[in-house]
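Asker: Sequence plus predicted model, see below.
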Amino acid sequence: MIKIAITGAGGRMGRMLVEATVNDPSAQLVAAFDRPGGANIGRDAGEVLGIETGIKVRGVAPADLAGALDGVDCLIDFTRPEATLAHLQACVAHGVKFVVGTTGFDADGKAAIAKAGESIGVVFAPNMSVGVNATFKLLEVAAKILSSGYDIEIIEAHHRFKVDAPSGTALRMGEVVAKALGRDLDAVAVYGREGVTGERKPETIGFATIRGGDVVGDHTVLFAGIGERIEITHKSSSRMTYATGSLRAAQFLAGRERGVFDMQDVLGLR
Ligand SMILES: NC(=O)C1=CN([C@@H]2O[C@H](COP(=O)(O)OP(=O)(O)OC[C@H]3O[C@@H](n4cnc5c(N)ncnc54)[C@H](OP(=O)(O)O)[C@@H]3O)[C@@H](O)[C@H]2O)C=CC1
Ligand SMILES: O=C(O)C1=N[C@H](C(=O)O)C[C@H](O)C1
């Protein structure tokens, strides 16, 4: 039985993770954390879901988490980059495994996660769903077949509360496609267009972002040729797929002492 702690327990993903953990017979929820001062502190982690977990949400600032991880095998974190990086240090200090779903890291943040993998097991993935990870494989195949004559554009839509853009998943789709084509994403990415842009350069990979309402997460990669278009689309209708994927990631880490992995590793798709 793997002992799970959840940070950001009152967030959209935190709540899903609480529900998924208590419903998983091979996992045990042993701690739930959120920022001090939040309305859920001191309440049962399942209260907002109408379930009782027996675990009260503890108000712990990210910098103080190290003192609260006794008895935890794996921490699952879907918060914000600055909080995640502090939580990561706490896990390194305590030898606790770490599943990171947070998106929006800069290069230094990603480097810190890679470094942590030298001492603990980490799964770091912008999307934990099986469907999105299968889509990454489909994109690899499509990009190789459609390697010339097709313009590649990535369109993503999310709820109005999302704070980073493009989504981590859209960026990973760009990386997958660019790698399959031997292109450097940093050199060819175009993030939105405005004004007199000139004609599209064939090697570019464009990104377009839509934010509105309660969209859980839609991603389309468009391969546009002359005379035809191919669209590969994934649509999430529930965050539960991310939560169950995260628990799969935690189980995967149970057999690994150190290293940074992603969901392609967890699902055996590498
Ligand atoms: N990898 C994947 O499969 C997925 C990744 N995500 C990513 O997960 C992250 C969270 O998404 P979501 O659940 O929708 O976000 P929410 O805003 O709903 O939840 C974030 C949680 O983190 C807490 N938090 C935010 N900032 C801090 C901080 N500085 N210190 C401590 N706690 C903090 C929030 O507390 P408070 O309420 O007090 O602000 C809240 O509990 C995003 O980066 C998102 O892109 C989302 C879905 C799937
Ligand atoms: O913020 C979200 O909601 C999501 N974030 C992840 C991302 O940035 O790709 C995954 C999913 O799309 C939902």
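Answerer: Happy to help now that I have it. Ligands and ions are numbered 1, 2, ... in the order given.
Asker: how about the residues of the stretch 101-250 of the chain that lie near ligand 2?
Answerer: Neighbours of ligand 2 within the stretch 101-250 of the chain, by Cβ under 6 Å from any ligand atom: 103, 126-127, 158, 162, 167-169, 217. Placement of C-beta: from N, CA and C, glycine included.
Asker: let's go with 8 Å and repeat that
Answerer: Contacts of the stretch 101-250 of the chain with ligand 2, taken as Cβ under 8 Å from any ligand atom, map to 101, 103-104, 126-127, 129, 132, 156, 158-159, 161-164, 166-172, 216-217, 219, 236, 239, 242.
Asker: By proximity to ligand 1, which residue of this structure wins?
Answerer: Of all residues in the chain, the one sitting closest to ligand 1 is residue 11 (2.1 Å; Cβ to the nearest ligand atom).
Asker: Just the buried residues from the residues of the stretch 101-250 of the chain next to ligand 2, in ChimeraX please.
Answerer: Remark: buried members of these, expressed as a ChimeraX selection using 16 or more other Cβ atoms under 10 Å:
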select :101,103,104,126,127,129,132,156,158,162,164,166,167,168,169,170,171,172,216,217,219,236,239,242
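Asker: Just the local confidence number for the residue lying farthest from the centre of the chain, please.
Answerer: Within the chain, residue 227 marks the point farthest from the mean C-alpha position, 35.6 Å out by Cα atoms, centre = their mean. On pLDDT, residue 227 comes in at 98.
Asker: related to what we said a few turns ago, for the residue of the chain closest to ligand 1, which non-adjacent residue is closest in space?
Answerer: Distance criterion Cβ to Cβ, 6 or more residues apart in numbering; nearest residue to residue 11, sequence neighbours excluded, is residue 78 at 6.4 Å.
Asker: what's the spacing between the nearest residue to residue 22 once chain neighbours are set aside and ligand 2?
Answerer: Distances taken as Cβ to Cβ, 6+ apart place residue 53 nearest to residue 22, at 5.3 Å, with adjacent residues excluded. As for residue 53, its distance to ligand 2 is 23 Å (criterion: Cβ to the nearest ligand atom, to the nearest Å).
Asker: just residue 47 next, same as before
Answerer: Residue 47 sits 22 Å away from ligand 2, going by Cβ to the nearest ligand atom.
Asker: For that residue, the count of nearby residues, please.
Answerer: Neighbours of residue 47 under the rule other Cβ atoms under 10 Å: 16.
Asker: Residue 233 looks like it's in a strand, true?
Answerer: Yes. Counting by DSSP: H, G, I helix; E, B strand; the rest coil, residue 233 is part of a strand.
Asker: which residues touch it?
Answerer: Contact analysis of residue 233 by Cβ atoms under 8 Å, 6 or more residues apart in numbering lists 218-221.
Asker: I'd assumed residue 121 was in contact with residue 256.
Answerer: Yes. With contacts counted by Cβ atoms under 8 Å, residue 256 reaches residue 121, the gap being 4.4 Å.
Asker: who touches both of the two?
Answerer: Contacts common to residue 256 and residue 121, judged by Cβ under 8 Å, 6+ apart, are residue 97.
Asker: More neighbours: these two, which one.
Answerer: Each of residue 256 and residue 121 has its neighbours counted (other Cβ under 10 Å); residue 121 has more, 25 against 15.
Asker: now that one: how far from residue 214?
Answerer: According to Cβ to Cβ, to the nearest Å, residue 121 stands 34 Å off from residue 214.
Asker: And residue 14, by the same measure?
Answerer: Applying Cβ to Cβ to residue 14 and residue 214 gives a distance of 17 Å.
Asker: do the same with residue 177
Answerer: Applying Cβ to Cβ, the value for residue 177 to residue 214 is 28 Å.
Asker: Who has more neighbours out of those two?
Answerer: A direct count of neighbours by other Cβ under 10 Å for residue 177 and residue 214 places residue 177 higher, at 25 against 8.
Asker: Look up how far ligand 2 lies from the closest residue to the more buried one other than its chain neighbours.
Answerer: Nearest residue to residue 177, sequence neighbours excluded (Cβ to Cβ, 6+ apart): residue 143, at 4.5 Å. When distance is defined by Cβ to the nearest ligand atom, residue 143 is 19 Å away from ligand 2.
Asker: same for the strand or helix carrying residue 143, what does it pack against?
Answerer: According to DSSP states H and E, residue 143 maps onto helix 130-145. Under the contact criterion of 3 or more Cβ pairs under 8 Å, 6 or more residues apart in numbering; DSSP states H and E, helix 130-145 touches helix 168-181, strand 217-224, strand 229-236, helix 240-254, helix 263-266.
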